[in-house]
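Engineer: This is a predicted model, with the sequence first.
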Amino acid sequence: MAEKSSPGVRSAVADAQRAAAAVQEAKDAYIPNFQLGTSPGFSYGFPLGYPAVFSASSNSLLFSFSQPDYTRAAQAALRAANLSLKDQRQQVALDVALDYAQLDHDLAEIAALDEEKSYAGSLVSLEQDRVQAGVDPRVTQLQAELLAAQVDEKRIHLQNDADEMRQKLSHLTGLPADGLNTVNSSIPAVPEFSAETEAQIAQNSPGIQASYSNAKSKFYQAFGDSRQNYRPYMSFGLQYSLFSKINNYSQYFRSFQYNNFGIGAQITFPLFDASRRAKARESIAEAVSAQAQADQSRDVLSEQTLLARRTILELSAQQRVAQLQSQLAQEQLSAVDTQLANGSGSPNAAPVSPITAQKAHIEERERYEDLLDTNFSLLKVQLSLLRLTGQITDWINSSLK
């Protein structure tokens, strides 16, 4: 749906169609055209020009050293346009996937914050009672209220972010933003990344391949421009005209013919043309520049891929830490709940207070939210790496199987 609605994809489709038409245009230079026309008029005295009641003409290119190179240039440009279209579709896929995953993360964390808010509210109520009874100082109540306010602040921020993601998904897919939710199980697992070489990464990237195809097209164009000088080209021409009888041609031409027909070929030898020589130098400079830009894009892709791989290693370690912290908080909460229900089991140990239980619940939710944040941070980098290596479409298609 996003590919159909995306302005970027529609623009890339139009570019590919234009490139295909340019290939056909280069090939059709050898196909004779056909034109009809008329130029009626009146002249006095010796006839000026040749007003025709009716005329037809046809012209085409017969031979040129440069035209095959121009055709190859157009074909390379078409391949570059198709690769750019594929690259644009992958970018749209990444945009939709990231927005969808972020909305899913926001909704999951909002649900966790709602639970944390209920525990924070209970903690505030308990502290208020203890402060009024003179058991705890006023500062403990303020700390509990601050915690509850921080939960509210974070929830508002996440709700705003979720609404923003809904709007982005609506713009990308054309779906209504209101009530747009996610299905967590529909997000497929990210595959393991193989240790690809720099050449393999560049080969899998349609954007890089499009850059090199564009440079190749410009080199063909430059070669064709350079062969415009000192090399002949041949064209074909055919024309028929029915001249007007009202211009007194018969008074000035002894063997005047109303019906006129001509056919032949024209051979041209371009011995010197300064503008064509300058055009050839301009074309080769553009080709060299395009090649350098393609090399630069390949190097940037290599650097971004390396950085993404290193970042994934760091975030994977952070994810493991967050998982252990979340599991530890769950175990501590389970122990507190058990002691609160059955006692500590030791006659000398102090009983667990409801405040301790509420704080344990809040701590467990905070550690769970940290785990959600770490998981999403890792997923973002993983999806970016899939985009860099050209695997984002395969990953999305795996969810449809």
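Structural biologist: Okay, I see it.

Engineer: Within the helices and strands, which one has residue 241?
Structural biologist: If you go by DSSP states H and E, residue 241 is part of strand 233-243.

Engineer: Give me the helices and strands touching that strand, please.
Structural biologist: strand 52-64, strand 259-268 (3 or more CB pairs under 8 Å, 6 or more residues apart in numbering; DSSP states H and E). Heads up, the C-betas are built off the backbone N, CA and C, glycines and all.

Engineer: For residue 312, give me its contacts.
Structural biologist: Residues in contact with residue 312 (CB atoms under 8 Å, 6 or more residues apart in numbering) are 193, 378, 381-382, 385.

Engineer: OK, contacts around the closest residue in space to residue 23 that isn't next to it in sequence?
Structural biologist: Closest residue to residue 23 apart from its sequence neighbours, by CB to CB, 6 or more residues apart in numbering: residue 74 at 4.3 Å. By CB under 8 Å, 6+ apart, the contact list for residue 74 reads 19, 22-23, 25-26, 217.

Engineer: make it 6 Å
Structural biologist: Taking CB atoms under 6 Å, 6 or more residues apart in numbering, we find residue 74 in contact with 22-23, 26.

Engineer: and it, that's in a strand?
Structural biologist: No. Counting by DSSP: H, G, I helix; E, B strand; the rest coil, one finds residue 74 to be helix, located in no strand.

Engineer: Just the pLDDT for it.
Structural biologist: We have a pLDDT of 96 for residue 74.

Engineer: Please report the distance of it from residue 17.
Structural biologist: 13 Å (CB to CB, to the nearest Å).

Engineer: what does residue 262 give?
Structural biologist: In this structure, residue 262 and residue 17 are 38 Å apart, going by CB to CB.

Engineer: Show me which of the two is the more surrounded one.
Structural biologist: residue 17 (13 against 10; other CB atoms under 10 Å).

Engineer: What helix or strand is the more buried one located in?
Structural biologist: Using DSSP H and E, residue 17 maps to helix 7-27.

Engineer: what's the following helix or strand after that helix?
Structural biologist: Moving toward the C-terminus from helix 7-27, the first helix or strand encountered (DSSP H and E) is strand 35-37.

Engineer: That next one pairs with which strands?
Structural biologist: The strands beside strand 35-37 in its sheet (DSSP bridges) come out as strand 52-64 (antiparallel).

Engineer: any low-confidence regions in the stretch 1-150 of the chain?
Structural biologist: 42-51 (pLDDT under 70).

Engineer: From residue 185, how far off is residue 23?
Structural biologist: Counting by CB to CB - residue 23 and residue 185 are separated by 45 Å.

Engineer: Of those two, which one has the most company?
Structural biologist: More crowded of residue 23 and residue 185, by other CB under 10 Å: residue 23, with 19 against 7.

Engineer: Would you quantify the distance from that one to residue 60?
Structural biologist: Per CB to CB, residue 23 is found 18 Å from residue 60.

Engineer: same question, residue 236
Structural biologist: For residue 236 relative to residue 60 (CB to CB), the value is 5 Å.

Engineer: show me what contacts residue 172?
Structural biologist: Counting by CB under 6 Å, 6+ apart, residue 172 makes contact with 2, 96.

Engineer: Surely it is in a helix?
Structural biologist: Yes. Assessed by three-state DSSP, residue 172 belongs to a helix.

Engineer: ok so, going back, can you name the element that comes right after the strand holding residue 241?
Structural biologist: Going down the chain from strand 233-243, the next helix or strand is helix 249-252, by DSSP H and E.

Engineer: Check which residues of that next one are buried.
Structural biologist: Buried residues in helix 249-252, counted by 16 or more other CB atoms under 10 Å: residue 249.

Engineer: Please save the CA atoms from the strand holding residue 241 in CSV.
Structural biologist: The C-alpha trace of strand 233-243 is given here as CSV (Å, rounded to 0.1, in the frame of the first residue of the first chain):
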residue,chain,number,x,y,z
TYR,A,233,26.9,10.1,-41.0
MET,A,234,24.2,9.3,-43.6
SER,A,235,20.5,10.1,-43.7
PHE,A,236,17.7,9.2,-46.0
GLY,A,237,15.1,11.6,-47.4
LEU,A,238,11.9,11.4,-49.5
GLN,A,239,9.6,14.2,-50.5
TYR,A,240,6.5,14.6,-52.8
SER,A,241,4.9,18.0,-53.5
LEU,A,242,1.9,19.1,-55.6
PHE,A,243,2.6,22.7,-56.6
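
Engineer: if we can go back for a sec, what's the closest of the helices and strands packed on strand 233-243 to residue 163?
Structural biologist: strand 52-64 (60.2 Å; CB to CB).

Engineer: Mind listing what's buried along that closest one?
Structural biologist: Buried-residue list, strand 52-64, by 16+ other CB under 10 Å: 52, 55, 57, 64.

Engineer: and if you look at stretch 215-230?
Structural biologist: 215-229.

Engineer: With stretch 108-115 instead?
Structural biologist: Applying 16+ other CB under 10 Å to stretch 108-115 flags 108-110, 112-113 as buried.

Engineer: List the contacts of it.
Structural biologist: By CB under 6 Å, 6+ apart, the list of residues contacting stretch 108-115 from outside reads 151, 155, 158, 365, 368-369, 372.

Engineer: starting at the chain centroid, how far to it?
Structural biologist: On the basis of CA atoms, centre = their mean, to the nearest Å, stretch 108-115 sits 32 Å off its chain's mean C-alpha point.

Engineer: For that stretch, C-alpha coordinates in PDB please.
Structural biologist: Provided in PDB are the C-alpha atoms of stretch 108-115 (Å, rounded to 0.1, in the frame of the first residue of the first chain):
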ATOM      1  CA  ALA A 108       3.500  -1.700  24.500                       C
ATOM      2  CA  GLU A 109       5.200   0.800  26.700                       C
ATOM      3  CA  ILE A 110       2.000   2.800  27.200                       C
ATOM      4  CA  ALA A 111       0.400  -0.300  28.500                       C
ATOM      5  CA  ALA A 112       3.300  -0.900  30.900                       C
ATOM      6  CA  LEU A 113       3.100   2.800  32.000                       C
ATOM      7  CA  ASP A 114      -0.600   2.400  32.700                       C
ATOM      8  CA  GLU A 115       0.200  -0.400  35.100                       C
END
